[in-house]
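Chemist: Sequence and predicted structure below; questions after.
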Amino acid sequence: MKQKQLMQDIQYIKDVIHSSLHYTNLSGIAAILSGIVAIIGCGCSYFIMQQHAVQSISWELVAIWTLVFLASVIANVYFICRKARKTGEPAWSRLARLIIYALSPSFLVGASFTLFLAYEGHALWIPGFWMVTYGLGVWSAGLFSIPEPRWLGAAFMITGLITLFFFVEYSLIMLAISFGCYHIIYGIRLFLRYGEG
Amino acid sequence: MKPKSQTKELNKVMDLDKLIHERVRLGIMAALSATEILTFQELKQMLKATDGNLSVHLKLLAKNGYLAVEKIFVGGKPQTSYRLTNFGKTAFQEYINCLEELIHHLHLDENE
């Protein structure tokens, strides 16, 4: 019985416990890309809203934000799978399923209430509402992963509430700051601390 | 001092639960202690074990009362889940305590 062998056993126990509680295939690059796409989305929205009456939702806006959403999902799926191949930890696992369960209610509620706000002509309330619901989802999903997503979720909830309370007229800028800058900062942090596998 | 502490160490090693002290079984115990309940497929994925190897070790742990086995049908397919029994939880805790003590003794040896 050698000390080295015992140390290895203890490390193995720690590793198994850690990997059974924390999903570690999150990608910093995907977060940075999502942030950039969100800022581009804000820029395009600003351009379109200049041409249309404020508070009305045009099909262009719906198309832009659907594309932003899809681009972010695709970037995440691609880079998570890439990281999983390198680390050997499965991309689709029990933890990944729990994360999807935690995220989906906030996305579904967010999307359906967005339709209501748009239909009722309260377009400026949409960004703040997105930040709050997204923050709730990311916070809960973060319980099955490393600590960083929880900070991201908290930042989104706080920024969302501040936007809804005080800065509704600056919603688009707040949207660029949160979905753009927060994601980029979060992505850089993930990249520097955990790498890409 | 050396021979005496080595005897002590040897006694400690004898105390280590032989049923847990094996790579795959140690992994099973650790994973279940962290998550409460896992299916066969989840365990297989987490421990990167083969079907045959994993089921042999699961059966051994279950036979000795460390694990409770639950079979349910999900969409017509049988799914087997495992959780630690109270006996299993205590055994794993004792195993960890034992490891700690053993390491502690080895450190003492090094300092002598």
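Modeler: Sure thing, it's come through.

Chemist: C-alpha from now on. contacts and neighbour counts both.
Modeler: OK.

Chemist: Residue 70 is in what secondary structure piece?
Modeler: Since no chain was named, I'll use chain A. Using DSSP states H and E, residue A:70 maps to helix A:59-87.

Chemist: was after chain B, sorry
Modeler: Applying DSSP H and E, one finds residue B:70 within strand B:67-74.

Chemist: picking up where we left off before, for the helix holding residue A:70, name the packing helices and strands.
Modeler: If you count contacts as 3 or more CA pairs under 8 Å, 6 or more residues apart in numbering or on different chains; DSSP states H and E, helix A:59-87 packs onto helix A:28-51.

Chemist: Which pLDDT value belongs to residue 71?
Modeler: I went with chain A, as the question did not name one. pLDDT, residue A:71: 98.

Chemist: not quite, I wanted chain B
Modeler: pLDDT recorded at residue B:71 is 92.

Chemist: who in chain B is up against chain A?
Modeler: For chain B, the residues in contact with chain A (CA under 8 Å from any CA of the partner chain) are B:13, B:23, B:26-27, B:30-31, B:33-35, B:42, B:45-47, B:99, B:103, B:106.

Chemist: out of those, which are inside helices?
Modeler: B:13, B:23, B:26-27, B:30-31, B:33-35, B:42, B:45-47, B:99, B:103, B:106 (DSSP state H).

Chemist: ok, which pair from these is furthest apart?
Modeler: Greatest spacing in those, by CA to CA: B:42 and B:106 (35.7 Å).

Chemist: ok, and residue B:82, which helix or strand is that part of?
Modeler: Using DSSP H and E, residue B:82 sits in strand B:77-84.

Chemist: Could you give me the buried positions within stretch A:148-164?
Modeler: By neighbour count with 16 or more other CA atoms under 10 Å in any protein chain shown, stretch A:148-164 contains the buried residues A:149-150, A:152-157, A:159-160, A:163-164.

Chemist: Pick out the most distant pair among those residues.
Modeler: The span of these, defined through CA to CA, is set by A:149 and A:164 at 22.2 Å.
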